[in-house]
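Student: Take this sequence and fold it.
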Amino acid sequence: SVREKDKRREKAFSKSTFTKAAKAVYDAFNDTCTAENVAGRMKTTKVKYAAIKSLKGKSGWAWDDELMMIKVDKEDVEDFIEDNPYAKGFLNVQIEQYDELSLACGDDQATGSSRKAITDTQSENVFVEEVSETQGMPQEE
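Tutor: Numbering: from 1, shown residues only. Reported below is the predicted structural model:
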């Protein structure tokens, strides 16, 4: 069933991974963060990544690898955003840390060959701060 597939996808990271991430957030920001907070943030991030991926694959729109940006004609953006307000923050703006999003949320499953400890990367501190809005995003069912 779809619900079972969603549960399996959500479990791509173990509870201990979320616990370690919560500790890293606490250590970096001296702010309380639980494994559940991290898991919720990850779910939100996956929804945003799915939206970006869908927009990126839209016919007639260009992806700029150098700028990490979905390039769309101004008229097309205005019309599309009118019907799809969730897309506003993803079109003709740089999508910072796209590679990290792709790694964490992409369709390819991790093999462990390039695994890093959460403390091995610099991007988590910024990433946690940047992913905060979900208003207007399509909801998973």
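Student: residue ranges of the helices in this protein, please?
Tutor: Listed in chain order, the helices of the chain (DSSP state H) span 2-10, 15-29, 35-56, 74-83, 98-105, 124-130.
Student: Lowest average pLDDT across the ones you listed?
Tutor: Here the lowest mean pLDDT among the helices of the chain goes to helix 124-130, at a mean of 38.
Student: rewinding a little: out of the helices of the chain, nearest to Glu66?
Tutor: Shortest distance between Glu66 and the helices of the chain, using Cβ to Cβ, is found for helix 98-105: 11.3 Å. C-betas here are computed from N, CA, C, even on glycine.
Student: who does the closest one touch, helix- and strand-wise?
Tutor: Where contact means 3 or more Cβ pairs under 8 Å, 6 or more residues apart in numbering; DSSP states H and E, helix 98-105 is packed against helix 35-56.
Student: CA atoms of the helix it packs on as PDB?
Tutor: Output in PDB follows, covering the C-alpha atoms of helix 35-56 (Å, rounded to 0.1, in the frame of the first residue of the first chain):
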ATOM      1  CA  ALA A  35      15.000  13.200  17.300                       C
ATOM      2  CA  GLU A  36      11.300  13.800  16.500                       C
ATOM      3  CA  ASN A  37      12.100  17.400  15.600                       C
ATOM      4  CA  VAL A  38      14.800  16.200  13.200                       C
ATOM      5  CA  ALA A  39      12.600  13.500  11.700                       C
ATOM      6  CA  GLY A  40       9.800  16.100  11.200                       C
ATOM      7  CA  ARG A  41      12.300  18.500   9.600                       C
ATOM      8  CA  MET A  42      13.500  15.700   7.300                       C
ATOM      9  CA  LYS A  43      10.000  14.900   6.200                       C
ATOM     10  CA  THR A  44       9.400  18.600   5.400                       C
ATOM     11  CA  THR A  45      12.700  18.700   3.500                       C
ATOM     12  CA  LYS A  46      11.700  15.600   1.500                       C
ATOM     13  CA  VAL A  47       8.400  17.300   0.500                       C
ATOM     14  CA  LYS A  48      10.300  20.400  -0.600                       C
ATOM     15  CA  TYR A  49      12.900  18.300  -2.500                       C
ATOM     16  CA  ALA A  50      10.100  16.400  -4.300                       C
ATOM     17  CA  ALA A  51       8.600  19.800  -5.400                       C
ATOM     18  CA  ILE A  52      12.000  21.000  -6.600                       C
ATOM     19  CA  LYS A  53      12.600  17.800  -8.500                       C
ATOM     20  CA  SER A  54       9.100  18.000 -10.100                       C
ATOM     21  CA  LEU A  55       9.700  21.600 -11.100                       C
ATOM     22  CA  LYS A  56      13.200  20.800 -12.400                       C
END
